[in-house]
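Engineer: prediction below, plus the sequence it came from.
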Amino acid sequence: MNILLIDDDASLRKSLRLGLETMNHRVTEASDGTKAQDCVAHAMYDVAFLDLRLGQEQGLDVLPLLLRLAPGLAIIVVTAYATIETAVEAMRRGAFDYLPKPFTPNQLRMVLDRVTRIRRLESHVEELEEQVRSIVPEADLQTQEPAFRQALEVAFKTAPTEATILLLGESGTGKGVLARAIHVRSLRSTGPFITVNCPSLSAELLESELFGHVRGAFTGAVQDTSGKVAVAEGGTLFLDEIGDLPLPLQPKLLRLLQEKRYERVGETKTRASDARILAATNRNLQAAVADGTFREDLFYRLNVMEVLVPPLRHRRKDILPLAEHLLQFFAHQAGKRVMAFTEEARAALTRYPWPGNVRELRNAIERGVILSSESVVGLTELPAQVGATLPPSAMDIGGSVTLDQLEAEHIRRILAHTPTLDEAAAVLGIDPSTLYRKRKRYEL
């Protein structure tokens, strides 16, 4: 590694330099903060050893100046005046580690090994993020629809605060994508973004996943485990489908929201949490409160800021831009020169009500790119239910259409103009369960 030694003691610099060069590192020396800044401004360094006492200067004052010039520099603070207070302050200002004088060659080697391990992990994380970007299309939150623009405005204005945000909307509308966008725009953006899918596990296992457990807390608990709350420390905890959170867990979540306190399963020790909570659901929580499946106090604690994510059928102007964005991504991923949609396909994409919302659109475009043998995606490459949507002129009563086609198209149009499935069922004069079966039958 390229290492910078910053110390006003020439003899100490010499001995430290010899030790580091013996370990095959390249070393540059600086006797004060000004020379150190000049070195960092004109060369790349992996590590800097910074003495806290630089004659009349304070190393703690030099530290942020170096990080401003080289944000990725690992600065090891070195001092003979080792106190907890100075160690904490050095780390607070951005130091990588702390080495008290006198130190042994083995201690020096260990701290450099830590730098190497962290750098490898960071490189691995960057590689994994690049792989994820190549698999998952980048979120496109551009919109021409006033309702969605208003939702984004509320979400992003609230993002820099610590307020809890409740995202409401149908399944597949992109609530998880929006939650991550809020995290990126928050003051916790450098911290972790941790997702918990509330209906995925039983109440007992979900409690363990959330809060962690101690060894022996239950059958199979062979070691202590940190929960997602602990992993989200300093970042954001996203509770997806919060409306399905089991009732026995709701008081514990309420306490986490109100007091920032929790206990691991099988442990009496109370722990503090420093994670911001975001939540999302496709359920009507007020109705769940009325029927006793969701606590009223938890609902009001979650509902500090409410953001309604509209379904794709209410975002008609966004459908084609979204489809074209996805087309470019999947074409690049598949290594195909698929450039556009045919006019028929564009019309069908705009006309279809997309009951599965953005998730369904994503799957449809991926399918179209895979099946396409030309530079365009046509009706035949899109899913049958998308391509089969007939234009209004072909649906006149008495036309050459079957009763099933008439019913399917009528249901599509009702779905496109009603905000919820319950309201669509009411307009159609059928039970929601009957509507569910008909949607499944017609693949709506």
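Structural biologist: Arrived safely, thanks for sending. Every value quoted in this text rests on a predicted model; they were computed, and no experiment measured them.

Engineer: next SSE downstream of the longest helix along the chain?
Structural biologist: The longest helix of the chain (DSSP state H) is helix 105-135. Next helix or strand after helix 105-135 toward the C-terminus (DSSP states H and E): helix 146-158.

Engineer: could you point out the helix or strand that follows that following helix?
Structural biologist: Sequence order places strand 165-168 as the next helix or strand after helix 146-158, per DSSP H and E.

Engineer: show me what that following strand is packed up against.
Structural biologist: Here strand 165-168 touches helix 146-158, helix 175-184, strand 276-281, strand 305-308, going by 3 or more Cβ pairs under 8 Å, 6 or more residues apart in numbering; DSSP states H and E. C-betas here are computed from N, CA, C, even on glycine.

Engineer: save the ones you listed as TSV, and put in mean pLDDT, distance to Phe329 and mean neighbour count too.
Structural biologist: Compiled in TSV, these are given as follows (pLDDT from 0 to 100; distance: least, Cβ to Cβ, whole Å; neighbours: other Cβ atoms under 10 Å):
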stretch	mean pLDDT	distance to Phe329	mean neighbour count
helix 146-158	94	20	16
helix 175-184	94	14	20
strand 276-281	96	24	26
strand 305-308	95	26	17
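
Engineer: out of the ones you listed, flag the one nearest Lys317.
Structural biologist: helix 146-158 (9.5 Å; Cβ to Cβ).

Engineer: tell me which stretches of the stretch 251-400 of the chain form helices.
Structural biologist: 285-290, 296-302, 316-334, 343-351, 357-371, 384-387 (DSSP state H, counting those that start in this stretch).

Engineer: could you check how far the fourth one is from the centre of its chain?
Structural biologist: Its chain's C-alpha centre and that of helix 343-351 lie 32 Å apart, by Cα atoms, centre = their mean, to the nearest Å.

Engineer: repeat for the shortest one
Structural biologist: Averaging C-alpha coordinates over helix 384-387 and over its chain gives two centres that are 32 Å apart (Cα atoms, centre = their mean).

Engineer: give the buried residues for that helix.
Structural biologist: Using 16 or more other Cβ atoms under 10 Å as the test for burial, helix 384-387 gives 385-387.

Engineer: for it, which outside residues touch it?
Structural biologist: Contacts with helix 384-387, where a contact means Cβ atoms under 8 Å, 6 or more residues apart in numbering, come from 345, 348-349, 352, 364, 379-380, 442-444.

Engineer: in CSV, list these along with neighbour count.
Structural biologist: Below are the contacts of helix 384-387 laid out as CSV (neighbours: other Cβ atoms under 10 Å):
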residue, neighbour count
Ala345, 21
Ala348, 23
Leu349, 25
Tyr352, 24
Ala364, 24
Leu379, 20
Thr380, 13
Tyr442, 16
Glu443, 12
Leu444, 19
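
Engineer: of these, which is the nearest to Val229?
Structural biologist: Looking across these and measuring by Cβ to Cβ, the closest to Val229 is Ala364, at 37.1 Å.

Engineer: if I look at that closest one, how far off is Arg215?
Structural biologist: 48 Å (Cβ to Cβ, to the nearest Å).

Engineer: Ser11 too?
Structural biologist: Distance from Ser11 to Arg215, counting by Cβ to Cβ: 51 Å.

Engineer: before we move on, back to that, what packs against the longest helix of the chain?
Structural biologist: helix 10-22, strand 74-79, strand 97-100.

Engineer: can you give the distance of it from its chain's centre?
Structural biologist: 21 Å.

Engineer: ok, now stretch 301-310?
Structural biologist: 18 Å.

Engineer: got it, and stretch 5-15?
Structural biologist: 45 Å.

Engineer: next, the buried residues of that stretch.
Structural biologist: For stretch 5-15, by 16+ other Cβ under 10 Å, it's 5-8, 12-13.

Engineer: between the residues you listed, which is closest to Asp46?
Structural biologist: Closest to Asp46, out of all of the buried residues of stretch 5-15 and judged by Cβ to Cβ, is Leu5, at 12.8 Å.

Engineer: ok, that closest one - contacts?
Structural biologist: Residues counted as contacts of Leu5 (Cβ under 8 Å, 6+ apart) are 13, 16-17, 20, 27-30, 48-49.

Engineer: at 10 Å instead, please
Structural biologist: Residues in contact with Leu5 (Cβ atoms under 10 Å, 6 or more residues apart in numbering) are 12-14, 16-17, 20, 27-31, 36, 39, 47-51, 78.

Engineer: part of a helix, is it?
Structural biologist: No. Under DSSP: H, G, I helix; E, B strand; the rest coil, Leu5 falls outside any helix and is assigned strand.
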